[in-house]
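Visitor: Fold the stuff below for me.
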Amino acid sequence: MNLDRSVLVFAGAMILISLALSQFFSHYWLLLTAWIGIMMLQSAFTGFCPVAILFKKLGVKPGGAFR
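Guide: The predicted model follows:
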């Protein structure tokens, strides 16, 4: 799995987890969903993604979107 897909899998999993947590515990978990959305928009315009940097340091093969 390359870097692009890893970032998308991570973002999707975190969104689903935060939605589940908001249903079972507190609606404040939706703030995590909002934060992930903001970071996805920011990375679409700037190309800067902290999760991509972390995954790259962990040795995930690079893809085309995040350098």
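Visitor: for residue 40, what are its contacts?
Guide: Contact analysis of residue 40 by CB atoms under 8 Å, 6 or more residues apart in numbering lists residue 11. Just so you know, the C-beta spots here come from the backbone N, C-alpha and C atoms, and that holds for glycine as well.
Visitor: how about a cut-off of 10 Å?
Guide: Taking CB atoms under 10 Å, 6 or more residues apart in numbering as the contact definition, residue 40 lies against 7-8, 11, 15, 49, 51.
Visitor: what separates residue 33 from residue 51, distance-wise?
Guide: In this view, residue 33 and residue 51 are 15 Å apart by CB to CB, to the nearest Å.
Visitor: coming back round to it: tell me which two in the contacts of residue 40 are the farthest apart.
Guide: 15 and 49 (15.2 Å; CB to CB).
Visitor: who's more crowded, these two?
Guide: residue 49 (22 against 15; other CB atoms under 10 Å).
Visitor: The more buried one: what's its closest spatial neighbour, skipping adjacent residues?
Guide: residue 43 (4.0 Å; CB to CB, 6 or more residues apart in numbering).
Visitor: name the element the one you found belongs to?
Guide: helix 30-46 (DSSP states H and E).
Visitor: Flag every buried residue along that helix.
Guide: Buried residues in helix 30-46, counted by 16 or more other CB atoms under 10 Å: 32-33, 36, 39, 43.
Visitor: Also stretch 49-59?
Guide: Buried, per 16+ other CB under 10 Å, within stretch 49-59: 49, 51-52, 55-56.
Visitor: cool, stretch 7-19 as well?
Guide: Quick answer for stretch 7-19 (16+ other CB under 10 Å): 7, 11, 14, 18.
Visitor: So which residues lie in contact with that stretch, not counting its own?
Guide: 1, 28-37, 39-40, 43, 49-52, 54-56, 60, 63, 65-66.
Visitor: how about low-confidence regions in this structure?
Guide: Applying pLDDT under 70 to the chain flags the ranges 65-67.
Visitor: would you list every one of the strands in it?
Guide: Per DSSP state E, the chain carries no strands over any range.
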